[in-house]
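J.: Curious how this folds, go ahead:
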Amino acid sequence: MQPSPRPAQRLRSVLATISVGCGVLFFLVSLTMGTWRDPIVGFFFAVGFGLPGAWWFWKEKVDRDNAARYAEAVRQHSYFEGLLGSTDPGIVAGMGEPTPPQPSPRRWGMIIIACLAAFIMATWFIPPVEVTP
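T.: This next block holds a predicted model:
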C-alpha cells in the first residue's frame, strides 16, 4: 500500500486533471461547430490548455519509474551483498551503492512558450466576426 500523497501533490494532480480535461473538452466541442476553422482553433486551444497538465503527468510517471528502478537496484544490491558478505569483502566493496534518482527536469519555460504559441495560433485562425447593421 502506498502512502497517501501530500496535499500539495494532490492539488497539483487535480489541477493537471482539470487542465487535460479542459483541453479535451475544447477540442471535442470545436468538432461540433460549423466552419472548417473551428476544429483548428479548438485543437490549438486544446494544446494550450491541456499541454501543461499532460506534461506534468508525463514527468510524474518518469519520476515514479526512476524511483521503482532505484528500489529494484537497492533490493538487488542488498541481496548480492548478503550472498557475498563476509566471504568476499573486496567484491562487495567494488559493487558500490546504487545512485538515488534525481527528479527529472520539468522544463516549464519550454511548455509555457509552446502554450503561448498555441494560443497565438488559435487566435490567428478564429474566424472574423461579421457585424450586421
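J.: Mind checking what secondary structure Pro101 has?
T.: Following DSSP: H, G, I helix; E, B strand; the rest coil, the label given to Pro101 is coil.
J.: State the number of residues packed around it.
T.: Pro101 is flanked by 17 other residues according to other CB atoms under 10 Å. From N, CA and C alone the C-beta is placed, and that goes for glycine too.
J.: got a list of what it touches?
T.: Applying CB atoms under 8 Å, 6 or more residues apart in numbering, we find Pro101 in contact with 63, 66-67, 69-70.
J.: Retrieve the pLDDT associated with it.
T.: Looking at Pro101, its pLDDT reads 94.
J.: same check, this time on Met1
T.: 50.
J.: Then Val129?
T.: Listed pLDDT for Val129 reads 78.
J.: And for Ser4?
T.: 65.
J.: that older thread, which of the contacts of Pro101 lies closest to Glu97?
T.: Set against Glu97, the nearest of the contacts of Pro101 by CB to CB is Tyr70 (10.9 Å).
J.: Spatially, what comes nearest to the closest one if we skip its sequence neighbours?
T.: Distance criterion CB to CB, 6 or more residues apart in numbering; nearest residue to Tyr70, sequence neighbours excluded, is Pro101 at 4.9 Å.
J.: Next up, phi/psi of that neighbour, please.
T.: Phi and psi for Pro101, reported as degrees, to the nearest 10, are phi -70, psi 150.
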